[in-house]
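S.K.: when you get a sec, could you give me coordinates for this:
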Amino acid sequence: MDAVKTNRGTMWTVSAHIITAVIGFGVLSLPWATAQLGWVAGPSLMILFAVLTCYTSTLLASCYPSGNPNGGPRNYSYMDAIKENLGGFQVTICGAIQYLNLFGVAIGYTIASSISMMAIKKSNCFRSEGDDSSCRISANPYMIGFGCSQIILSQLILHFHQIWRLSIVSAVMSFIYSIIGLGLGIAKIVENGKVKGSLTGISPDIVTPMEKVWKSLQALGDIAFAYSFSLILIDVQNTIKSPPSKYKTMKKATLLSLGVTTIFYMVCGLLSYAAFGDLSPRNLLTGFSLYDPYWVLDIANAAIVIHLVGAYQVNCQPIFAFVEKTALDRFPHSQFIKTEIPVPIPGYGPFKRTPFQLVWRTIFVIITTILSILMPFFNDHIIRILGALGFWPLTIYFPVKMYIVQKKIQRHRAKWLSLQILSVACLLFSIAAAAGSIAGIVYDLEVYKPIGNMA
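M.R.: Residues are numbered from 1 along each chain as shown. Model (predicted):
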């Protein structure tokens, strides 16, 4: 498709893409993360990760064109930028980490959507049968329903350029459930008559010193994931129209979206911690599970589901594009891969897709849905370990490395040393957060029973 026709993105649509990818359901776990770290470390780390992500995202955005950030041949994906600037085995490493992260996020979004849909069903159950009712519900039908919706959307949305309307709706939904969580947190503080929490986080009376360490490291993973969008940054940047410069538009959109995101994170995370203190739930909205009126939580959970429908597509479109481009490059004469066939849609008219697109995208969604059903308890740990493992290479190491190569910064100069110190420090952060996530998985495996999948 002609770039002139498809590249229509503005600072506002790009900001919507970023907010859809960043303000995900990860915001709901920030009160829990703050509770592990306390009033000092919690907000300090949120600001630190915001500044780091903003800075390195600017470095990565400059790698969209080769050479001058305001001109030069374009790189259409993260892997293209790595191939152009670094080359060699690093291209394979980048691709493996990026697409494994996106694949894992798709599983996490499927599980999270089912949790919100079950919460709506439970609230209706409590309303009709009383608060003491068990109201046990299987997550499987909701995961399957979410998967079916993604199969349809994956065929309707062919390119990242076509997703901007869905991104705007998803961004609005993220604000809706965040504002509801914020309002409920304020109401809880008023009800308590005091501000809970402490400077150092969860009390030693509730957890052992070792549990305190592991949970604090898990909180690092939560915060790292909450700012993760570098893995789709270049795909988003490719939607921007020019002039003006794509780099300048992307820089403005990054500053705007991360600024808005940080304000929301700080307000929601800190006020909810003030409301619940050491007992802050892993999912903010579950702390109000018996809140009356029920419809307020129903609206919040419905907004989460709608947001995740769009966020799934925002994160999976780079995978679809990569696999389809790779298949066409390897089998350029295959009719199955390159020949488009008309697919009739009642009331809409036919649209054209290749048989490979129809089959491959459907299989991808089915696989993520099946894996979600098989390991629903992994949701929190998927968030943390992906945040920990993906943060350093995708958000720090590769952008810094490419920036050094592009700008020809000489070794052992002051700027080179400062960038290397930044990279090593963030690597230690990632290792520590990953260790905490693995410890959490080991603990849950000891108590998990795979039969039933009920909540």
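
S.K.: do a quick rundown of the strands in the chain.
M.R.: Remark: strands assigned in the chain by DSSP state E are 341-343, 351-353.

S.K.: against Pro355, how distant is the nearest residue to Gly38 once chain neighbours are set aside?
M.R.: Closest residue to Gly38 apart from its sequence neighbours, by C-beta to C-beta, 6 or more residues apart in numbering: Gly201 at 3.5 Å. (Glycine included, C-beta is placed from N, CA and C.) Noted for Gly201: a distance of 54 Å to Pro355, by C-beta to C-beta, to the nearest Å.

S.K.: quick one, what contacts Ala16?
M.R.: By C-beta atoms under 8 Å, 6 or more residues apart in numbering, the contact set of Ala16 is 164, 167-168, 170-171.

S.K.: dump the strands of the chain to JSON lines, plus mean pLDDT and mean neighbour count.
M.R.: Below are the strands of the chain laid out as JSON lines (pLDDT from 0 to 100; neighbours: other C-beta atoms under 10 Å):
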{"stretch": "strand 341-343", "mean pLDDT": "81", "mean neighbour count": "11"}
{"stretch": "strand 351-353", "mean pLDDT": "81", "mean neighbour count": "14"}
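
S.K.: quick one: closest of these to Val195.
M.R.: In terms of C-beta to C-beta, the element of those nearest to Val195 is strand 351-353, at 54.8 Å.

S.K.: the closest one - contacts with which helices or strands?
M.R.: Applying 3 or more C-beta pairs under 8 Å, 6 or more residues apart in numbering; DSSP states H and E, we find strand 351-353 packed against strand 341-343.

S.K.: list the neighbouring strands of the strand it packs on plus their orientation.
M.R.: Sheet pairing for strand 341-343, assigned by DSSP bridges, gives strand 351-353 (antiparallel).

S.K.: can you give the distance of the partner strand from its chain's centre?
M.R.: Counting by C-alpha atoms, centre = their mean, to the nearest Å, strand 351-353 is centred 29 Å from the centre of its parent chain.

S.K.: which outside residues touch that strand?
M.R.: Outside strand 351-353, the residues within contact range by C-beta under 8 Å, 6+ apart are 155-156, 158, 340-343, 345.

S.K.: which one of those residues is nearest to Gly193?
M.R.: Lowest distance from Gly193 to the contacts of strand 351-353 (C-beta to C-beta) belongs to Leu156, with 51.0 Å.

S.K.: so what's that closest one up against?
M.R.: Counting by C-beta under 8 Å, 6+ apart, Leu156 touches Phe351.

S.K.: ok, now with 7 Å
M.R.: Going by C-beta atoms under 7 Å, 6 or more residues apart in numbering, Leu156 touches no other residue.

S.K.: tell me the confidence at it?
M.R.: Per-residue confidence at Leu156 stands at 86 (pLDDT).

S.K.: then Pro141?
M.R.: pLDDT, Pro141: 92.

S.K.: and for Asp2?
M.R.: Per-residue pLDDT puts Asp2 at 41.

S.K.: I figured Leu386 was touching Ile107, is that so?
M.R.: No. Here Leu386 lies out of contact with Ile107, judged by C-beta atoms under 7 Å, at a distance of 9.5 Å.

S.K.: okay, now the unreliable bits of this protein?
M.R.: Residues of the chain that meet the criterion pLDDT under 70 lie in 1-8, 24-26, 65-73, 130-133, 242-244, 285-292, 347-350, 376-384, 387, 444-455.

S.K.: and the longest helix for it?
M.R.: When the chain is parsed with DSSP state H, its longest helix is helix 89-129.
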